[in-house]
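Q: next input, structure requested:
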Amino acid sequence: DETDFYLLVQQSLDKLNLNAGVRLVNNSMFGTEWIPQVGASYNATPMTTFKVSASKGFRSPALANLYFFPFSNPELGPERMWNYEVSYLQSFAEGKASFEITGFIAQGDNLIQVGRPMVPTINTGEFNHKGIEFAAAYHASDRLNLTMNYSYLNMETRLPYAPTHQLNLQADYTLKKLRI
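A: Residues are numbered from 1 along each chain as shown. Here you go, the predicted structure:
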């Protein structure tokens with residue numbers, strides 16, 4: 001059994017927005033865990049925003065990770081991490097175009113690495129990841145939206161299925177009720 005309780009507060013002070021929260025997790029296998037988060041954003045202009053945040057992460061193994069399938073592992077522990085982010089957001093052309101750049105540090109232990117055939121699911125141990133993300137969007141017309149995001153992830157210890165570089169490109173075109 002797992003039960004979570006959440007408390008979130010947010011306060012706007014002119015150009016400054018503050019938020020804080022806490023989640024209390026009570027898990028019958030792993031006990032009780034407090035998971036705090038804090039953040040702030042500053043709207044320097046109507047088109048420019050700076051953000052900063054710090055948050056703890058926690059995830060219990062799923063039942064499938066613990067007991068189902070040949071690659072399950074009943075000895076798995078929960079994931080724990082701290083994440084720190086700093087972001088800069090900028091809009092242009094009356095909001096038709098925007099970009100965001102974010103730097104982050106993620107530190108923790110016991111990431112759950114899902115098993116593959118003949119390889120059990122395991123906890124990975126301690127990790128320290130750093131990276132940067134860039135996102136851009138362009139509202140070309142009422143029918144066409146273009147978006148892209150790029151992530152660079154620097155891992156002290158390489159993990160399977162976690163790319164160093166990742167690029168996503170997307171175009172959405174709407175024709176009456178059809179969206180492609």
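Q: run through who's touching stretch 38-53.
A: 15-21, 37, 54-55, 83-92, 95 (CB atoms under 8 Å, 6 or more residues apart in numbering). C-betas here are computed from N, CA, C, even on glycine.
Q: tell me where the model's unsure across the chain.
A: Low-confidence regions of the chain, defined here as pLDDT under 70, do not occur.
Q: which residues does the spatially most central residue of the chain contact?
A: What sits nearest the mean C-alpha location of the chain, by CA atoms, centre = their mean, is N83, with 8.9 Å. N83 makes contact with 53-57, 104-106 under the criterion CB under 8 Å, 6+ apart.
Q: just the buried residues of the helix or strand harbouring it, please?
A: Under the criterion of DSSP states H and E, N83 resides in strand 79-92. The neighbour-count check on strand 79-92 (16 or more other CB atoms under 10 Å) flags 79-81, 83, 85, 87, 89, 91 as buried.
Q: and it, how far out from the chain's middle?
A: 9 Å (CA atoms, centre = their mean, to the nearest Å).
Q: circling back to that earlier point, can you put the contacts of N83 in TSV and add neighbour count?
A: Putting those into TSV (neighbours: other CB atoms under 10 Å) gives the following:
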residue	neighbour count
S53	17
A54	13
S55	16
K56	16
G57	14
F104	17
I105	15
A106	18
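Q: show me those residues that map onto strands.
A: Mapping the contacts of N83 onto strands (DSSP state E) picks out 53-57, 104-106.
Q: what's around G95, how many residues?
A: Neighbourhood size, G95 [other CB atoms under 10 Å]: 11.
Q: in this protein, which spans are helices?
A: Ranges of helices in the chain, per DSSP state H, are 63-67.
Q: could you report the neighbour count for T124?
A: When neighbours are counted by other CB under 10 Å, T124 comes out with 15.
Q: beta partners for T49?
A: Note on T49: beta-bridge partners by DSSP bridges are N43, L89.
Q: ok, and what's touching stretch 24-35?
A: Stretch 24-35 is contacted from outside by 1-5, 22-23, 55-58, 60, 77-78, 80, using CB under 8 Å, 6+ apart.
Q: picking that back up, tell me which two in the ones in strands among the contacts of N83 are the farthest apart.
A: Greatest spatial distance among these (CB to CB): K56 and F104, at 14.2 Å.
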